[in-house]
Each structure stands twice: as C-alpha cells, then as structure tokens.
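Trainee: Task: produce atomic coordinates for the following.
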Amino acid sequence: MAKSNFINNSRTDQAMANARRYIRGIIGKYKAEQSITTEQIIKASGMSRAAFYNCFKDPSLFRVGQLILIYDSLKVPEPERRFL
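Mentor: Residues are numbered from 1 along each chain as shown. All right, here's what the predicted structure looks like:
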C-alpha cells in the first residue's frame with residue numbers, strides 16, 4: 001500500500017502496522033505449534049529465501065496467494081487468517 005502524507009492518515013498507518021504484527025505473530029505461533037522450520041515454510045510458499053525474509057519483515061509485501069500457501073502449510077484455521 002502506498003504511503004501518503006494526508007492529515008489524519010495516522011489511523012490507517014496504525015491499522016496497517018497492527019495487521020503486519022498480526023500476520024508475523026500468526027506465522028510464528030503456528031510455526032512453533034507445528035514444529036515446522038522456516039525452510040519448510042519457504043518451500044511450501046514457493047518463494048525464494050530472500051523474498052520470504054523481505055516479505056516477513058514487511059508482510060504487506062506478501063501476495064495473497066503466498067499467504068494462502070503459508071497458512072495452508074501451517075494449518076492456520078480460516079477465522080485466524082488475515083490478508084492485507
């Protein structure tokens with residue numbers, strides 16, 4: 001999502017930051033519960049290692065299809081899945 005300098009945009013920025021933290025948290029939580037390595041997640045997503053780490057640092061860079069593959073490999077329930 002493009003950043004803008006409009007007044008009162010801080011609420012949107014805060015919502016995006018919360019969504020990013022949530023996605024990183026869900027991936028970390030289910031990775032630990034399923035005892036899956038990061039390499040297995042990268043392989044399941046079909047991404048390169050560099051692209052995965054870049055997207056993990058800023059989850060707004062993930063494509064929806066990539067997140068679906070990651071969520072499927074981690075067996076994340078539908079109600080907990082979130083996309084940006």
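
Trainee: And the helices in the chain?
Mentor: 10-34, 38-45, 49-57, 64-74 (DSSP state H).

Trainee: what about Tyr71, how many residues close to it?
Mentor: 22 (other Cβ atoms under 10 Å). All C-beta spots, glycine's among them, are computed from the backbone N, C-alpha and C.

Trainee: tell me the contacts of it?
Mentor: By Cβ atoms under 8 Å, 6 or more residues apart in numbering, the residues touching Tyr71 are 26, 81.

Trainee: what about 7 Å?
Mentor: Arg81 (Cβ atoms under 7 Å, 6 or more residues apart in numbering).

Trainee: now the nearest residue to Val76 once chain neighbours are set aside: how far from Arg11?
Mentor: Excluding its sequence neighbours, the residue lying closest to Val76 (Cβ to Cβ, 6 or more residues apart in numbering) is Tyr30, at 5.3 Å. Distance, Tyr30 to Arg11, by Cβ to Cβ, to the nearest Å: 29 Å.

Trainee: re the thing from before, what's the closest of the helices of the chain to Glu80?
Mentor: helix 10-34 (6.1 Å; Cβ to Cβ).
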